[in-house]
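>>> Predicted model and sequence below, questions to follow.
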Amino acid sequence: MQKHSQPNAFITFSTPGKPRVSVFSGQTIEPGFSGKRTTDAKRSPKRRTQQLNRRRVVKFAAASLAIGQVSVLGADARFSNSSGQPGQRLGKVSGRRDTGPSIHKQRAMQDHQHNMAAFGGRLAAPVERLLQPVPRKAPYQFDVLVVGSGYGASITAARLASSFRPGCRLGVLERGKEWVPGTFPDNLPGVMEESRLKLLGAGEGNLNNPTGLYNVQKFDEITILSGSGLGGSSLINANVAIRPDREVFLQSVWPRALRNREYLDPYYALAEYELGIASENWDSTNKMRAQRLAAERLSACGAHFEPAKLTIARSPRRDLPVLNRQGLRQRGCIDCGDCLTGCNVGAKSSLAQNYLPIARRAGAEIFPQVTVNHIEKCQDFYRVHYTFYSAQKGKKPQAKHGFTTTRILVLGAGSLGSSEILMRSQAHKFAFSPRLGLSWTGNGDALGFIRNCQVPTGVGGFSAYDSDRAPVGPTIQSNITYPHRSLAGRVLIQDGAAARAYCNAIGLLMRDLDLDRLQILLGMGHDGAEGRLSLDGEGKIQLNWPGLLESDYRRLIRGEFSRVGEALGGKYEYLKIFGDKMISVHPLGGCGMGEDLQRGVTNHKGQVYDGYLGGYETLPGVPAVHEGLYVVDGALLPTSIGCNPLLTISALAERCSSHLISEPSFADLFWPQIQ
């Protein structure tokens, strides 16, 4: 293989039986590269597409191989930012590919065993109770069925089950599996094994692991990551709980009943209490200190710094557990930086640590590994068609198709999931708003990297293993905001961390194996919410947003990242592993709230509008709804909110649940609420 003419060092990654892949001067060189390049203008569109796809695969392979068998030539010249001797650095790189037991994992699993003792060992109910009809007097199996187990779904399940009259039945259907803290993947092969969809190559986007934890959906303009497990994205999020700016709710597309954030404040406070939210301590890690320094240097631009409020447990002693609000044992955070692949310490206050146990104590039946395909409306109940996937280690999951019935159906499958279910279910007399699938937003999410920072950062996670490195901290610890700008120009910029599983890949691509001078930035803002969801010929969800990649917002957020980079004395870069796309971990909209059928898919209570016969009841001006059909998740939000949305989704779920319990038509199911 011929080298590039420049005299820099290069690195070769090789795996037995596979061609060598070389990375040189920040660009990937395909095997057999001769130094000649054909210009895009001379290539045919087909040839150009093949070349781009090959480059994507090679770049991803190079990053992946960084955790495998590695041979390095000239490492000192290549990774000039890395500290320590080359042998020490390579030992660290090699060590990140391994996985194994640790005292922190052991404690997390013991705490989980203790917590689940009252539930028979796990939150999940025997699947036979779903697959086989249970004798009941009512013509439906469940009084309430909740689809999903993220923030909207889990909170709704907890509140409704806790308010039931005797004899009522509530079920929760979750497509992912139940996870035990201490068993989450912490190396790249483990993460790839838990990818729900196939990421590259033939069959890209097809089902890879039906019960996989990491759900990555790639579209033309944007790639979306969400969690798939009992607890939804709370299993792999960055834990940040924040209330949006008040001006967000003043926008005219929001229903009048919510056009003031104060209307939601009591529900925000309730969710904050249940989730155990607390602020991070100032300057507790290098990356947090670097972010504060950047904000101070940008103060003339209106930058404001504050520690983030997080849903994690803190404790003065690692050897002793703490009790959360619901009486469950958790461990204090060890600042390992692995929030985004799953907490193996037991510090993350995922929904499996709070709201789901509340629901389970109140009698809810929870069924993981169940994917809902579509629904039907019967006379006074709903028929829910699903696929159950058995999950046995080392064996291919077996699919069992079936259906069940329910009087009240709550969709909490996430922005894309709930929208997809409704789109698949539309029929002549089971019609929805023409707004279904519109006003979708990625919440302005953006990912950036600042290389060669002039201050230490230390963003490389080490998972649930003891380490002599400085603490990384939770994935996000601080916020930089610009409160004095108009709403359209406001952005939120947060510090980030690289989970241990992909430290090597990022270290390779950013030329900093130790990740000690790299600052990861996570941005949010107001992107205009012009995405459109639809179904392809196979009934799979599609997302289109022409113009997103050339939008004013994208230029704005990249400009803000560049400013932070200058303030840290470094250089801003972004990755193109999956193409030059936006990346979102906060998909919102698709079933947005509105005043009526023409302005929203649901009303402010989460009730789904009935599109049949013009969408109105017998009284003119009163929008008709499908009685007993609700959406309660991120799909409800009609705009971006410019900050991490978990707390807003939680507050809306608390409010929607309260309204549902108070509906006169369901008075036979729920005890009256005490005001």
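Everything's here; your move. On a predicted model such as this, the values are computed, not experimentally measured, just so you know. Residues are numbered from 1 along each chain as shown.
>>> Could you use CA atoms for every contact and neighbour count after this?
OK.
>>> what separates Leu556 from Glu280, distance-wise?
Distance of Leu556 to Glu280, computed by C-alpha to C-alpha, to the nearest Å: 28 Å.
>>> So the two - more neighbours on which side?
Shown here are Leu556 and Glu280; by other C-alpha atoms under 10 Å, Glu280 has more neighbours (20 against 16).
>>> In contact with that one, which residues?
By C-alpha atoms under 8 Å, 6 or more residues apart in numbering, the contact set of Glu280 is 307-310, 477-478.
>>> one more time with 6 Å
Residues counted as contacts of Glu280 (C-alpha atoms under 6 Å, 6 or more residues apart in numbering) are 307-308.
>>> do the one 3 residues further on as well
If a contact means C-alpha under 6 Å, 6+ apart, then Asp283 has Arg289 as its contacts.
>>> Which strand or helix spans it?
For Asp283, there is no host helix or strand (DSSP states H and E).
>>> mind checking pLDDT for it?
pLDDT recorded at Asp283 is 97.
>>> The one 3 residues further on now?
Looking at Asn286, its pLDDT reads 98.
>>> what does Asp468 give?
For Asp468, the model assigns a pLDDT of 89.
>>> From what I see, Tyr140 and Thr406 are in contact.
Yes: between Tyr140 and Thr406 there is a contact at 5.2 Å, judged by C-alpha atoms under 6 Å.
>>> Comparing these two, which residue is more hemmed in?
Between Tyr140 and Thr406, counted using other C-alpha under 10 Å, the more crowded position is Thr406 (25 against 20).
>>> so who does the more buried one touch?
When contacts are taken as C-alpha under 6 Å, 6+ apart, Thr406 is in contact with 140-144, 381-382.
>>> Can you flag which of those belong to strands?
Applying DSSP state E to the contacts of Thr406, the entries found in strands are 142-144, 382.
>>> Any chance of those residues in CSV with pLDDT, distance to Asn187 and neighbour count as columns?
Converted to CSV, the ones in strands among the contacts of Thr406 look like this (pLDDT from 0 to 100; distance: C-alpha to C-alpha, whole Å; neighbours: other C-alpha atoms under 10 Å):
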residue, pLDDT, distance to Asn187, neighbour count
Phe142, 98, 40, 24
Asp143, 98, 42, 22
Val144, 98, 39, 24
Tyr382, 98, 42, 21
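>>> mind giving me CSV with those and columns for distance to Trp545?
Below are those laid out as CSV (distance: C-alpha to C-alpha, whole Å):
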residue, distance to Trp545
Phe142, 39
Asp143, 39
Val144, 35
Tyr382, 33
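>>> between those residues, which is nearest Arg96?
The nearest member of the ones in strands among the contacts of Thr406 to Arg96, counting by C-alpha to C-alpha, is Val144 at 45.0 Å.
>>> got the contacts of Thr406 as JSON lines, with distance to Leu487 columns?
Putting these into JSON lines (distance: C-alpha to C-alpha, whole Å) gives the following:
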{"residue": "Tyr140", "distance to Leu487": "47"}
{"residue": "Gln141", "distance to Leu487": "47"}
{"residue": "Phe142", "distance to Leu487": "44"}
{"residue": "Asp143", "distance to Leu487": "42"}
{"residue": "Val144", "distance to Leu487": "39"}
{"residue": "Phe381", "distance to Leu487": "43"}
{"residue": "Tyr382", "distance to Leu487": "41"}
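>>> List just the nearest of these to Leu438.
Checking the contacts of Thr406 one by one against Leu438 (C-alpha to C-alpha), the nearest turns out to be Tyr382, at 24.7 Å.
>>> Can you give me every residue that contacts the closest one?
Tyr382 makes contact with 376, 405-406, according to C-alpha under 6 Å, 6+ apart.
>>> Run through the bridge partners of it.
Beta-bridge pairing of Tyr382 under DSSP bridges involves Lys377, Thr406.
>>> Which stretches in this protein count as helices?
Secondary structure of the chain (DSSP state H): helices at 45-65, 75-78, 86-95, 103-116, 128-131, 151-162, 188-193, 265-275, 286-297, 355-361, 414-425, 503-509, 552-567, 646-661.
>>> Which of those sits closest to Leu543?
Closest of those to Leu543 is helix 414-425, at 9.0 Å (criterion: C-alpha to C-alpha).
>>> helices or strands up against that closest one?
strand 370-377 (3 or more C-alpha pairs under 6 Å, 6 or more residues apart in numbering; DSSP states H and E).
>>> Distance from the chain centre to the strand it packs on, please.
Strand 370-377 sits 22 Å away from the centroid of its parent chain (C-alpha atoms, centre = their mean, to the nearest Å).
>>> can you list contacts of it?
Contacts of strand 370-377 (C-alpha under 6 Å, 6+ apart): 173-175, 382-388, 421, 424-425.
>>> show me where pLDDT drops low in the stretch 201-350 of the chain?
For the stretch 201-350 of the chain, no stretch has pLDDT under 70.
>>> Quick check: bridge partners of the spatially most central residue of the chain?
What sits nearest the mean C-alpha location of the chain, by C-alpha atoms, centre = their mean, is Ser226, with 3.5 Å. According to DSSP bridges, the residues that bridge with Ser226 are Asn215.
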